[in-house]
Each structure stands twice: as C-alpha cells, then as structure tokens.
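**Q** Task: produce atomic coordinates for the following.
(2 chains)
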Amino acid sequence: MDRKKFILLVEDNPDDEALTMRALKQNHIENNVVVARDGAEALDYLFGRGKYAGRDLNEMPALILLDLKLPKINGLEVLKQLRANTLTALLPVAILTSSSEEHDLLTGYKLGLNSYIIKPVDFDQFIDAVCNLGKYWLSINVTPPGSGLLK
Amino acid sequence: MQSENCPVISSGLCQKLKKVLEACLAPLYKHTILVLSTIFVGGALLAFWYLSHATTTLVQSAALQGITMYSESLTELRNYYTSEVVDRLRSSNIEVTHDYQLKPGAIPLPAIFTMELGRRISLHGTGMRVRLYSNYPFPWRKDGGARDDFERQALVALQADPKQPYYRFEELDGRASLRYATADVMHEDCIGCHNAHPDSPKRDWKVGDVRGVLEIVRPLDVVVSQSRADLRDIFILFGVLLTLGLGALALVITRLRRVSVELEDQVTRRTTQLAAANKELEAFSYSVSHDLRAPLRSIDGFSRALLDDYAPQLDDTGKDYLNRVRASTQRMGQLIDDMLMLSRVTRSEMNVDTVNLSALAQTVVDELQQEYPERFVEFVCTPGMMVRGDARLLKIVLENLLGNAWKFTSKREHAHIEFGVMHQVGASVYFVRDNGAGFDMAYVGKLFSAFQRLHAMTEFPGTGVGLATVQRIIHRHGGEAWAEGEIDKGATFYFTLP
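**A** Prediction:
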C-alpha cells in the first residue's frame, strides 16, 4: 500500500500558484500537488478527458483547492459538474479565493462545498492558512472510500 | 407594527382580517368609476323617490286643508241660512219647501239651499261637487241615500264619531279625487221642522243626531299631473347634472390613472436603471475584491520570499525597505476590505427585526477583550435597549463605535466606555462615550467622511472608513448620527433610530 494522498490545485494566476506552492513546500507537501490552470483543465483531469485521456481514474485527489475566478469554466461551475458526477461527487473541495462575496459563499455551500478560504493579503497569514489546510485535509480528515489515493 | 395596531387581537388574526378587507376593497378600487356611478345613480333614485313621496304628501295635505275650509264654509252658511233666514221668514208665512222654484214666494229648504249652492259652484268647471245624503232621505230625493262604498262607509263612520271628518283619496269617475265627508248634525233650529214636516221619514230627531252626510269631492288629477310634470323636469335636470358630474369625475379619474400609470412606468424604468447600476457596482466591487487583492498578495508574498530566501544578500536597509513594502501592501489590503464593507453596507438588503442593542454591545466588547486580552477597560452598558433594525448592520455600527472607543482609550490608565440611551421628546438618543483621546470640535464636520482621519497612523491605526460606515447604516435606518468631543477628555458618539 504505497499510496500517498495528493492535492489538485486549480489556479490560473502563476504568481498565486508559485506562492501557494511555496506555502505548501514550507509545510512539506509540495510533492503531492497536481496543478490545473483553468476550470476546463481541472475537469479534463478529473474525468480523464482531453490531454488526460487514459489517466487511471482510481487516482483521485484527497482535496481540490479551487480558485473562483478561472478562465473558460469558473470555480463554481467546476464544483457543480463535480457534484453532478458520481465519480467525483464525494471529493472534498475547498475554494481558495480572494473574494469574500456573500453570494459566492452561499452558492458554493449550496452546491456541496466543503470549505471556503479567503486568501489573506498578508503572506504570513497565507502560510498559516495553507499549513492548517494541509494538516487537516491530508492528515486529520478521513476521505470517502475509493477517492483521494495516489499509487 | 401590526401587533401595535391591534393590541388585543393576536397579530395573526389581525393580518387575516386585513387581508379579507383588502380583498373586498380591491375590486372597488379597480372599478372606481363603476362604483361611483352606482352610488350616484342609487342616490339619485332614492332622492327622486323621496321627492315624489314628499310631493304627493304635499298635494294631499294642501287639498285636505282647502276642502276642510270649503266644507266648514258650506256648513256655516247653511247654519246661518237656517237660523237667520228660514226661521225669521217662517213666521211671516213664507213657505220653505224643496220645490221652491215651482211656488212663487217660496224659499228653499236649508238642505236644498246647500245642494243648489254646490251645484252652482260645480258649474265653474273645477270639477268640485257637493252632495248630501242620508239614511233617512226625504221622499222627493231619488238619490238621497248612500250610492257607493265610500258613502256607506262615511255614514257608518260619522254616525260613530260625528266630529271626525271621514275622507279618502280615491279614483272617482276616472279622476283622482279627494272625497271629504262631514256629519250633518241636527241643531235646535232644525229639529222642530224635521220632526213636524209631513214628508219627514223620521220624526224623533234629537239635537246632536247625525241627520246625514255632507260630502265634497275635489278632483286632484290636474294638480297631480302638474306636480308629476314638475317632478319629471326636476328629474331630467338632476339626470343631466348627474351625467355631467359623473362624466367629469370619470375624466379626472381616467387622467389620474394615466398619470399613475406614467409614474409607475417611470418608477419601473428608474428601478431597472438603478438595478443595472447596482449590478454594475456589484461587478465592480467583486472585481476590486478579487483582482485588486491578487497583485497585493503577490507583492507581499514575494517580498516575504525575498526576505526568507535572500536574507544573507540583503543588508538591514534592504530588509527594512522590504518590510515597508509589506506593511504598505497589508494596509492597502485593509483599505480595500474597508471600502468594500462601506459599499456593501449601502447595497445590502435590510432585514428589519427587533434587536437587543445591549446584548449586541456586550458581544462586541467581549470580542474586543478576547482580541486584546492585555487591555483593562471598564464597560458600562444600560441593559435592555431594544430597537427595530437590521441586526447585522447594527452590529457593524457598534463594532465601529465601541472599536473606536476601545482604540482611542488605549493610552488611558483607567479606560472607561459607556453605552446608554437618553429618552428625549420624539426620539431615543443612543450614545457611546469614552474617556479617550477625544478630538477637536473644529474638525467635527470631517469626522463622518470616508478616509478622513484626525489622528496620525503612528498614534492610532485605522483607515478612516469606520464612522462613514456608521453614518450610512444609521441613515439607512432613517436615523441621525453625530459626535461631541474634546481633545484628551474623550468623545461621545450619538445616534438615533426611529
């Protein structure tokens, strides 16, 4: 059973990606991250389509970190499609965004969101947030059977 | 507010009643012209009925009065003739007989006198008739007895009560008429003759006996038709006036309706415009919140990365500069957050409910104490301050006012904050008072403007948005906010909630 839990990071901003990766690295989880640069790519990855055709669909992330404002397909739409598919319906999804719009929060949770994190401007706080996230979702939380395992 | 209007009945029942009433009134409001027309026409018919009734009564009472006088005159004339003429002449051997016209030198019997007088009057063409009849007519009179129902009834009624005239309004020979009958009562002057006359059918008359009936018939058809014609004219005039009035009313209502429809259209248009503007503003603030913060995060994040990864290459000045960059980005982040809050306070929907301000203030102070456990602040709060408002927005007000008081008393050894209420005529004035840094009243006008600060950042931190937010929230509740202060003596912030 040499399986490691991994995170799918959906982020279009390369700066944010670099900073998130840096924060993850400081918390020693940077090797277990798959990055998708927009909503469409995230869906392709999860459903094994497009350039991810033929991917082993038994390998599902333990957590999806989803930005809201994404090119092509936005975060809430990605979430909606994940919840509508039995393959991904139970995957834990955390929205990681700069926006604290009440509307997004409500819609997110209505769609079956697991967590909503507002990226602080202060990088120190950001590192703290990512640390807590990693600890909670990769160590403390128990994921549903058949998901979130990487061979 | 509902329950205040109906203190006894439960507010649910009250609302149900109100709904039923509204449902009943709604069609009335919708068809105003129809309803008004019905009311007016109904009123006109009622007025016309009353007028016609009143006219009939008037005609009848006038006729009755006239006929009474006429009857009294005839009776009086006959009595006068009997006592002053007949009696005197009888002693001079002048014959008093029913066929006086056939006998020279003879004069008529009083009854014949009355009948002849009546006959002559009837020749004037008024249709007026006079008739005498009796249960005991003299044999020479062929129609001296009762001929119809009225005459029979009159004889019976007047025999029972001779003093009360008997009359009826009825159709006679095809004409609406008043028939008026009075008793022909035996007087002393008459008795001798009646009991002695050879042809008299009854010879035991006593004074006060009812000898017969004097009936006067007065046709009313001319008067009635005249009054009907007058009524018809009045009705036509009334109808024309009513139609004109209703027409004018309909015109006014139609015009008003058109104006209200125009206004409604205008409101709809404006609302749509406003909604569009609001949506645009929302999109703008969304993009501010998302897009403006992202680069700030990058600046701060990479500055920290520089400090972390390249510390050996940087001297202290370099590190200081980077720290300044980070402090500024964080401050800008704070400014963006505050700006967004200010705009949200104005846009968000209000959920008005009963709010316990005292409990809310205690929660805010408890949160402040948790955040600054090292501070010791004496907080005094009037208990049970209940208001109507949006709990979420009012909490923002208290967070700002109590937060300010907390902040500006930070240099006091004995910090004191008070939250209370003064009941004045027409309004309750709530206040937050502190013994902190205070402010110069010369700048009180700038206090509630966004991004205006009266203290240096190094002295007291802040973005200058808090009081602007407070004022907007209080204004949205329809209240007022103002402040008083003195440098180094503390400040008091007041607000009202209607």
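**Q** Give me the three-state assignment for the residue in chain A that chain B sits nearest to.
**A** Nearest to chain B, among the residues of chain A, is residue A:121, at 3.2 Å (Cβ to the nearest Cβ). Placement of C-beta: from N, CA and C, glycine included. For residue A:121, the assignment made with DSSP: H, G, I helix; E, B strand; the rest coil gives coil.
**Q** From residue A:10, how far off is it?
**A** 21 Å (Cβ to Cβ, to the nearest Å).
**Q** same thing with residue A:60?
**A** 14 Å.
**Q** Need phi/psi at the residue of chain A closest to chain B.
**A** Phi and psi for residue A:121, reported as degrees, to the nearest 10, are phi -70, psi -40.
**Q** Report the contact partners of the closest residue to it other than its chain neighbours.
**A** The shortest distance from residue A:121 to any non-neighbouring residue, by Cβ to Cβ, 6 or more residues apart in numbering or on different chains, is to residue B:333 (3.2 Å). Contacts for residue B:333 were tallied using Cβ atoms under 8 Å, 6 or more residues apart in numbering or on different chains; they are A:120, A:121, A:122, B:293, B:296, B:300.
**Q** Which of those residues are buried? Put it as a PyMOL command.
**A** The buried residues among these can be selected in PyMOL (16 or more other Cβ atoms under 10 Å in any protein chain shown) with this line:
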select buried, (chain A and resi 120+121+122) or (chain B and resi 293+296+300)
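**Q** Quick check: the farthest pair among the contacts of residue B:333?
**A** Greatest spatial distance in the contacts of residue B:333: A:122 and B:293, 11.0 Å, computed using Cβ to Cβ.
**Q** ok so, going back, can I get the contacts of residue B:333 in JSON lines with pLDDT and distance to residue A:110?
**A** Output for the contacts of residue B:333, formatted as JSON lines (pLDDT from 0 to 100; distance: Cβ to Cβ, whole Å):
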{"residue": "A:120", "pLDDT": "84", "distance to residue A:110": "25"}
{"residue": "A:121", "pLDDT": "83", "distance to residue A:110": "28"}
{"residue": "A:122", "pLDDT": "86", "distance to residue A:110": "30"}
{"residue": "B:293", "pLDDT": "83", "distance to residue A:110": "24"}
{"residue": "B:296", "pLDDT": "88", "distance to residue A:110": "30"}
{"residue": "B:300", "pLDDT": "91", "distance to residue A:110": "32"}
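**Q** Give the other helices and strands that the top helix by length along chain B contacts.
**A** If you go by DSSP state H, chain B has its longest helix at helix B:221-287. When contacts are defined as 3 or more Cβ pairs under 8 Å, 6 or more residues apart in numbering or on different chains; DSSP states H and E, helix B:221-287 packs onto helix B:32-80, strand B:175-185, helix B:316-347.
**Q** now the residue in the stretch 51-200 of chain B that chain A sits nearest to: how far from residue B:62?
**A** Chain A sits closest to residue B:51 of the stretch 51-200 of chain B, with a gap of 70.7 Å, by Cβ to the nearest Cβ. In this view, residue B:51 and residue B:62 are 16 Å apart by Cβ to Cβ.
**Q** For these two, indicate the residue with more neighbours.
**A** Between residue B:51 and residue B:62, counted using other Cβ atoms under 10 Å in any protein chain shown, the more crowded position is residue B:51 (15 against 12).
**Q** mind listing what that one touches?
**A** Applying Cβ under 8 Å, 6+ apart, the residues contacting residue B:51 are B:231, B:234.
**Q** residue boundaries of the helices in the stretch 301-450 of chain B?
**A** Ranges of helices in the stretch 301-450 of chain B, per DSSP state H, counting those that start in this stretch, are B:316-347, B:357-371, B:391-408.
**Q** Any idea how far the last one is from the middle of the chain?
**A** Taking Cα atoms, centre = their mean, to the nearest Å, the mean C-alpha location of helix B:391-408 is offset from the chain mean by 46 Å.
**Q** Next: the longest one.
**A** Between the mean C-alpha point of helix B:316-347 and the mean C-alpha point of its chain there is a distance of 60 Å (Cα atoms, centre = their mean).
**Q** Of all the residues in it, which ones are buried?
**A** Neighbour-count burial for helix B:316-347 flags B:322, B:325-326, B:329-330, B:332-334, B:336-345 (criterion: 16+ other Cβ under 10 Å).
**Q** Those residues of chain B touching chain A, which are they?
**A** B:286, B:289-291, B:293-298, B:300-305, B:326, B:329-330, B:332-333, B:340 (Cβ under 8 Å from any Cβ of the partner chain).
**Q** Please repeat the previous calculation with a cut-off of 10 Å.
**A** B:282, B:285-305, B:307-309, B:326-327, B:329-334, B:336-337, B:340-341, B:344, B:348 (Cβ under 10 Å from any Cβ of the partner chain).
**Q** which regions of chain A lie under the pLDDT threshold?
**A** Applying pLDDT under 70 to chain A picks out residues A:1-4, A:30-31, A:144-151.
**Q** 90 instead?
**A** Counting by pLDDT under 90, chain A contains low-confidence ranges at A:1-7, A:12-17, A:19-33, A:38, A:49-63, A:68-74, A:85-91, A:96-106, A:117-151.
**Q** now the strands for it?
**A** A:7-10, A:33-36, A:63-66, A:93-97, A:115-118 (DSSP state E).
**Q** ok, the closest residue to residue B:385 other than its chain neighbours - contacts?
**A** Spatially, and ignoring its direct neighbours in sequence, residue B:385 is nearest to residue B:357 (4.1 Å; Cβ to Cβ, 6+ apart). Contact analysis of residue B:357 by Cβ atoms under 10 Å, 6 or more residues apart in numbering or on different chains lists B:381-382, B:384-387, B:389, B:391, B:394-395, B:397-398, B:419, B:421, B:430, B:497.
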